[in-house]
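**Student:** Below are the sequence and a predicted model; questions follow.
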Amino acid sequence: MLEFVRHKEQKLSVDWNDRTRTALDIIQGLAAEHGVTPAVTKLDEFCDDMARLAGDDVKLDPVEQTIANIGKLRLYDGKDLTRLHARYLSETASK
C-alpha cells in the first residue's frame, strides 16, 4: 500500500532528461526505489467518477497510474513528473 506522507525534506533529484533511458525505464526505476505500484485507491475511483460525471472520461494505463502514485508521495516536483508523463506518452505514440 502507498504511504501518503508529506515529506518536509528537500525534493529528491532525478535526471529527468536522461536520454540513455526511456521514460518507462525511469518510471519503473522510481517505482521500484519507492515501492510504488499502479494500485488504484478508493479515492482514485471517486475522482474518476467525478471526472466522468463532469464529462471527462480519463483512463490511465498502469504506467500512468504509477506516475500518479509516485506523485502522491510528494518526493518530486509535480512539473517534473508531468514532463516525464508527456515524454512517456510521446515515446509510446512513436512506437
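**Tutor:** Done, it's in. Numbers count the residues shown, from 1 in each chain.

**Student:** Give me the outermost residue of this protein relative to its centroid.
**Tutor:** Note on the chain: the largest separation between a C-alpha and the mean C-alpha position, by Cα atoms, centre = their mean, falls on Leu53 (23.2 Å).

**Student:** Helix or strand: which one has the residue nearest to the spatial centre of the chain?
**Tutor:** Closest residue to the average C-alpha location of the chain: Ile67 at 1.0 Å, with Cα atoms, centre = their mean. Following DSSP states H and E, one finds Ile67 within helix 62-72.

**Student:** Residues contacting that helix, please?
**Tutor:** Under the contact criterion Cβ atoms under 8 Å, 6 or more residues apart in numbering, helix 62-72 has outside partners 2, 4, 24, 27-28, 30-31, 34, 36-40, 44, 60, 76, 78, 81, 84-85, 88. The way it works is simple: take the backbone N, C-alpha and C, and place the C-beta from them, glycine included.

**Student:** before we move on, back to that, got the confidence number for the residue nearest to the centre of the chain?
**Tutor:** According to the per-residue confidence, Ile67 scores 97 in pLDDT.

**Student:** Please report how far it lies from Ala86.
**Tutor:** 10 Å (Cβ to Cβ, to the nearest Å).
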